[in-house]
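> I would like the atomic coordinates for the input below:
(one chain, ligands or ions: 1)
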Amino acid sequence: MTLQRHRIHRRIYPLRILGMALGGLSIAAVLHQNQAPLALWATMVATCLAWPHLAYLHARLSPDPHRAEARNLLIDSAIAGAWVPLMQFCLLPSVVLVMVTTFDKLSSGIRRLWLQSLPGMAGAALLLTLWLQPQPRLESSLTVVLCALPLLIVHTFAVSVASYRLIRTVSRQNQQLEELRRTDLQTGLYSRDHWLQQAQAALDAFQASARPVCLLIIDIDHFKSINDQYGHTVGDEVIRAVGLIIRQSVRAHDWAGRYGGDEFTVLCPQATRDEAQDIAQRIRDRIEGLRLREQPQLKVSSSIGLAAAQPRYQSLREWMNAADAALYRAKHAGRNQVAAGGDTGPGRLAPA
Ligand SMILES: Nc1nc2c(ncn2[C@@H]2O[C@H](COP(=O)(O)OP(=O)(O)OP(=O)(O)O)[C@@H](O)[C@H]2O)c(=O)[nH]1
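Residues are numbered from 1 along each chain as shown. This next block holds a predicted model:
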């Protein structure tokens, strides 16, 4: 079981009651086998009945229940250690008690708790050995063996279930983290890093197969002055709206990402330059038609650079530089237009 700070004592309380009951069963069988005096029976019953409730109260009333419960776990180990000489070292239940309480510390997830539990466990065992000097009786009757089994089985099952749940939770959270890493939170498009990975993979695939693939770089025109004139909140809204337009304008198998700031990138696999130009024009056109409900007078436009992959591009950087150079030309030619570079050299596509 993983120790969580929140209401930890409530989660451990029933488990400790169950553990004490099963541990008590195992100890009772040994006491019966060893014909132990009544005082030992009384000690066993009192410990098993009282300790879970005392531990619960201790943690509940403590200002730091997490620490208090960690202390309780150490006391669990000391109690288990004490019962080893009290059971005259009866081998099977002694090993089961010691192992179960030690594994509890390991599965608690509290760092080094199991190590911290060892001195208390060994100390309690040593103290009672020196004090009572019990005669060792290592053998276990069949009854003792049978009575030790429930604790062993239930504990193993409980720890396995808890580990299974923990692994499921961790893998679910890892998946969520991976999705977050891949996504630009503002626009819902792919993040820069993830998009770059895909672009590299697309270029590699192009080098291997020569199937056409194109790259678009989209930049909002004069975005700084939108921020300056309308404020950053409106600027953010424009970025979100442009992201949505891009997402809705590309094909299902295109990869649209936010490269950073007001710059977006789209990878168009299996698209010729003409097909990619159509996509780019569609995006440019829709951005030009964008109107924010709160700011209907605000006009937005974009410039787009397009580059088809070429066998001569040795790296993604070269391919992106070609698209960037095309974007630069689109900006310098008056913005709000698509320019293509790459296979046929510099070229400008007229605005729609
Ligand atoms: N509101 C907002 N502004 C951003 C965000 N990211 C970057 N910016 C701003 O966007 C502006 C980008 O300006 P530039 O790309 O340099 O220039 P521009 O004004 O778009 O001009 P051209 O690209 O030449 O048309 C900068 O002022 C950044 O501070 C964002 O997430 N939200």
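> now the strands for the stretch 201-350 of the chain?
213-220, 255-260, 263-269, 302-308, 338-341, 347-349 (DSSP state E, counting those that start in this stretch).
> would you list these in a markdown table and tack on distance to the ligand and mean neighbour count?
Every C-beta, even on glycine, is put in place using the N, C-alpha and C of the backbone. Shown next, in a markdown table, are the strands of the stretch 201-350 of the chain (distance: least, CB to the nearest ligand atom, whole Å; neighbours: other CB atoms under 10 Å):
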| stretch | distance to the ligand | mean neighbour count |
| --- | --- | --- |
| strand 213-220 | 5 | 25 |
| strand 255-260 | 7 | 21 |
| strand 263-269 | 7 | 24 |
| strand 302-308 | 7 | 28 |
| strand 338-341 | 14 | 27 |
| strand 347-349 | 16 | 17 |
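> can those strands go into a markdown table with extra columns for mean pLDDT?
Shown next, in a markdown table, are these (pLDDT from 0 to 100):
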| stretch | mean pLDDT |
| --- | --- |
| strand 213-220 | 98 |
| strand 255-260 | 97 |
| strand 263-269 | 98 |
| strand 302-308 | 98 |
| strand 338-341 | 93 |
| strand 347-349 | 36 |
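> So for residue 242, which of the ones you listed sits nearest?
Closest approach to residue 242 among the strands of the stretch 201-350 of the chain (CB to CB): strand 213-220, 6.1 Å.
> now that closest one, how far from the centre of its chain.
Centroid displacement of strand 213-220 relative to its chain, using CA atoms, centre = their mean, to the nearest Å, is 33 Å.
> If you compare the directions of it and strand 255-260, what angle comes out?
If you take axes from the mean of the first three to the mean of the last three CA atoms, to 10 degrees, strand 213-220 sits at 40 degrees to strand 255-260.
> ok, back up a step: what would the strands of the stretch 201-350 of the chain look like in TSV with distance to residue 179?
Shown next, in TSV, are those (distance: least, CB to CB, whole Å):
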stretch	distance to residue 179
strand 213-220	24
strand 255-260	14
strand 263-269	19
strand 302-308	27
strand 338-341	32
strand 347-349	35
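> which residues pair with the nearest residue to residue 195 once chain neighbours are set aside across the strands?
Among residues not flanking residue 195 along the chain, residue 257 sits closest, at 3.0 Å (CB to CB, 6 or more residues apart in numbering). In this entry, residue 257 is beta-bridged to residue 190, residue 265, by DSSP bridges.
> Tell me how far residue 155 lies from residue 169.
21 Å (CB to CB, to the nearest Å).
> The two: which has the busier surroundings?
residue 155 (22 against 11; other CB atoms under 10 Å).
> Many thanks, have a good one.
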